[in-house]
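> attaching a predicted model along with its sequence, questions to come.
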Amino acid sequence: MNRSFKIFRSSYFLIFLIFITSALSQNKYHSYDEMTKAIERTVSSQKDIAKVESIGQTIEKRDIWVVTVGGKDADNRHAVLIVGGAEADRLIGSELTLRFIEFLTAGYGKVDSITQLVNTTTFYIIPRVSPDASETFFRKPLYARTANTRPTDDDKDTSIDEDGFEDLNGDGLITMIRVKDNRGEWIPHPEDARIMKKAETSKGEQGIYKLFTEGIDNDKDEQWNEDVAGGVDFNRNFPHNYQFFSRGAGQHQISEPETKAVADFCFSHTNIAVVFTYSSNDNLMNPWKKEPRQGTPQEEQLSPRRRMFDDEEFAPRLITSVMDRDEEYTSYVSGKYQEITKLKGAPQSTKGEGAFSEWAYYHFGRWSFTANPWWIPEIEQKKDTVVSDSTKMKKPDDKKGPGSDGKLDVKKGKGPEEKPDEYADQLKTLKWIDSNKMDEAFIRWTKISDKDFPDKEVEVGGFKPYVTTNPPADSIEVIVSKQNSFLAWLGTKLPKIEIRNVKVELIGGKVFRLTTDIANTGYLPTNSAIGDKARWSRNVKVTLKLSKHQSLGSGKTNIILEPIKGNGGRQEIVWLIVSSPEESVTITAESPVAGSATQTVTLK
């Protein structure tokens with residue numbers, strides 16, 4: 001097991017004892033005002049190492065806070081950017097970032113490993129990047145929202161926000177309504193009638209319900225809630241794989257104050273080496289894999305200009321796959337995340353469309369890791385009391401043809417393929433709800449009167465908003481301990497450059513050969529392969545400072561190195577210097593993401 005992780009694990013119990021006495025240890029989700037007060041209290045307790053500032057304001061004039069933990073020279077050290085609330089309906093990410101701030105400030109000066117971490121690595125933490133959207137969690141009626149409050153014509157009818165939700169049964173929640181109608185496409189699921197599924201006519205099923213989100217048809221276009229209030233989704237508004245004209249994407253990339261504030265912050269802080277995001281675009285439980293290029297060999301031989309103006313077949317392809325050199329590192333970090341958190345059974349992750357975490361890698365050029373910290377857990381099935389004897393041979397059923405029992409047909413070499421149940425997640429959620437006796441998490445179908453359907457049987461019901469995306473508040477602290485341990489470990493893996501193996505040789509007369517290694521003693525390379533390609537992340541720059549009496553016979557005074565691998569990776573540099581004996585030169589190696597090192601060398 002990695003030594004640094006052992007240190008953090010052994011010290012975590014002390015941190016936990018400190019943490020449970022703090023204000024943030026309450027088992028609750030924080031509104032924007034509560035979050036702001038909690039940040040101010042935490043930062044004020046450690047002013048020497050922490051500060052809070054606003055990097056922008058939302059449409060509703062809420063500040064987007066960033067907390068810097070790292071001391072006075074924080075911006076001059078390599079850093080990790082941690083972002084919570086990228087998906088506004090997943091408030092668990094915001095809560096985890098809040099508690100990580102507390103973890104660092106509470107442990108500083110009390111636990112050696114945390115003190116050393118904060119003294120060497122800067123953490124920029126943005127707890128809630130889309131506070132206007134997240135604030136819906138604390139309002140009535142309650143409904144899940146991911147978009148900000150930008151007025152938007154979602155249904156393209158020239159009217160804005162004209163058909164939103166209504167709480168028809170007065171329970172303070174927006175769920176679903178089902179209308180009994182033989183023209184409907186929906187039926188109760190055969191495994192659990194609380195769930196509605198689309199009828200499959202190919203299987204002889206016939207729909208008996210129409211299904212809508214809870215509300216009325218305000219604009220009388222026979223569509224329900226198709227143009228609710230707002231807006232633009234933070235996690236769909238970034239340039240990478242941006243989907244023009246799609247719902248929630250905005251008028252153009254980086255169109256919103258939230259996305260612009262975060263992008264500007266990233267570009268103005270060149271010392272950010274790693275970006276960590278809480279989001280369902282998970283690449284830690286579902287690590288990115290290198291995919292085959294979509295281009296053809298003929299396309300590769302064409303110049304970029306030729307491809308740009310040639311047929312669409314030869315147009316430049318969007319890079320959507322992790323680079324070869326980066327995959328081994330992202331896979332390793334993914335493995336450590338799973339080892340440290342001990343999480344299993346994560347849902348499959350899909351590629352984002354304008355997602356922040358993917359922009360951070362493909363465009364901003366930084367190592368980007370994303371965690372989905374919670375999902376509906378599997379419920380262990382009780383074992384049957386009657387156990388069959390599998391050693392006994394079963395008598396063949398003559399009425400069934402080969403393979404008709406659903407088992408492998410040896411002659412054919414394969415069994416019948418079944419399409420996965422697209423409602424499996426809903427069934428799993430209901431089992432979890434029932435197992436934990438969370439009766440309020442699913443609203444039982446209840447008859448109501450609805451003026452849109454005066455002669456029909458109408459019922460309201462469905463999952464309570466946010467129940468599938470956020471754990472119960474009393475589970476937060478269990479999740480916190482796992483995530484904090486990983487983030488502390490990740491902070492120790494950033495690149496770090498050193499000047500090593502300096503050697504001076506007198507060639508003859510006043511000519512000296514100066515040789516040195518620029519080494520990376522951190523784990524991650526000094527630049528990712530995608531960062532080197534995107535050129536937003538600077539490579540290591542080496543400077544040789546000479547006096548006015550000295551000159552170079554070979555080499556350059558300023559050299560930009562290729563990315564240096566971690567764990568002792570190095571690049572050798574050789575200069576020939578014309579100088580009087582006993583004079584000195586100064587070697588400086590520096591990179592915003594890997595730090596700096598300086599050494600003065602006497603020529604003799």
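Structure's in. What do you need? No experiment lies behind these values; they were computed from the predicted model shown. Residues are numbered from 1 along each chain as shown.
> mind checking which helix or strand the nearest residue to G568 once chain neighbours are set aside is in?
Of all residues not flanking G568 in the chain, A519 sits nearest, at 6.1 Å (Cβ to Cβ, 6 or more residues apart in numbering). No exception for glycine: its C-beta is placed from N, CA and C like everyone else's. Per DSSP states H and E, A519 falls inside strand 511-520.
> picking that back up, who does the residue nearest to G568 bridge with?
A519 has the following beta-bridge partners by DSSP bridges: E498, R570.
> give the residue farthest from the middle of the chain.
The C-alpha centroid of the chain is most remote from G509, which lies 59.7 Å away (Cα atoms, centre = their mean).
> mind pulling up the pLDDT for that one?
G509 is assigned 90 on the pLDDT scale.
> ok, S349 next?
Here, the pLDDT recorded for S349 equals 91.
> any idea how far G109 is from it?
Distance of S349 to G109, given as Cβ to Cβ, to the nearest Å: 38 Å.
> could you check which of those two has the larger neighbour count?
Using other Cβ atoms under 10 Å as the criterion, S349 and G109 rank with S349 on top: 18 against 13.
> ok now do the more buried one, which residues does it touch?
S280, N281, D282, N283, M285, N286, N372 (Cβ atoms under 8 Å, 6 or more residues apart in numbering).
> let's go with 6 Å and repeat that
D282, N286 (Cβ atoms under 6 Å, 6 or more residues apart in numbering).
> what of S481?
No contacts exist for S481 under Cβ under 6 Å, 6+ apart.
> so which helix or strand takes in it?
For S481, the element it lies in under DSSP H and E is helix 476-490.
> state the mean pLDDT of that helix.
Rounded mean pLDDT across helix 476-490 is 96.
> which positions within that helix qualify as buried?
476-477, 479-490 (16 or more other Cβ atoms under 10 Å).
> going by contacts, tell me the helices and strands next to the helix or strand encompassing L576.
Secondary structure assignment for L576, by DSSP H and E: strand 569-578. With contacts taken as 3 or more Cβ pairs under 6 Å, 6 or more residues apart in numbering; DSSP states H and E, strand 569-578 sits against strand 511-520, strand 551-554.
> of the ones you listed, which approaches N567 most closely?
strand 511-520 (7.7 Å; Cβ to Cβ).
> who touches the helix or strand that that closest one is followed by?
Toward the C-terminus, strand 511-520 is succeeded by helix 529-534 as the next helix or strand (DSSP H and E). Here helix 529-534 makes contact (Cβ under 6 Å, 6+ apart) with M323, R325, D326, Y361, G365, S537, P563.
> can you name the next helix or strand after helix 529-534?
Per DSSP H and E, the first helix or strand lying C-terminal to helix 529-534 is strand 541-545.
> for that next one, buried residues please.
With the criterion 16+ other Cβ under 10 Å, strand 541-545 contains buried residues V542, L544.
> one step back: how far does the helix holding S481 sit from its chain's centre?
Put simply, helix 476-490 sits 15 Å off its chain's centre (Cα atoms, centre = their mean, to the nearest Å).
> again, but for stretch 533-546
On the basis of Cα atoms, centre = their mean, stretch 533-546 is displaced by 29 Å from the centre of the chain it belongs to.
> would you say T136 is within a strand?
No. Using DSSP: H, G, I helix; E, B strand; the rest coil, the assignment for T136 is helix, not a strand.
> what about the residue lying closest to it once chain neighbours are set aside, how many residues close to it?
Leaving aside its chain neighbours, T136 sits nearest to R145 (4.1 Å; criterion: Cβ to Cβ, 6+ apart). When neighbours are counted by other Cβ under 10 Å, R145 registers 26.
> just list the residues touching the nearest residue to Y143 once chain neighbours are set aside, thanks.
Closest residue to Y143 apart from its sequence neighbours, by Cβ to Cβ, 6+ apart: I174 at 3.6 Å. Residues in contact with I174, defined by Cβ under 6 Å, 6+ apart, are P141, Y143, F165, E214.
> who wins for neighbours among these?
Going by other Cβ under 10 Å, E214 tops the contacts of I174 with 25 neighbours.
> that one against T175, yeah?
Yes. Under the criterion of Cβ atoms under 6 Å, E214 makes contact with T175 at 5.4 Å.
> thinking again about what came up before, closest to K428 out of the helices and strands packed on strand 569-578?
For these, proximity to K428 was assessed by Cβ to Cβ; strand 511-520 is nearest, at 44.6 Å.
> tell me the phi and psi of the closest residue to R62 other than its chain neighbours?
Once flanking residues are discounted, R62 sits nearest to P131: 4.4 Å by Cβ to Cβ, 6+ apart. Torsion angles at P131 (phi, psi; degrees, to the nearest 10) stand at phi -70, psi -30.
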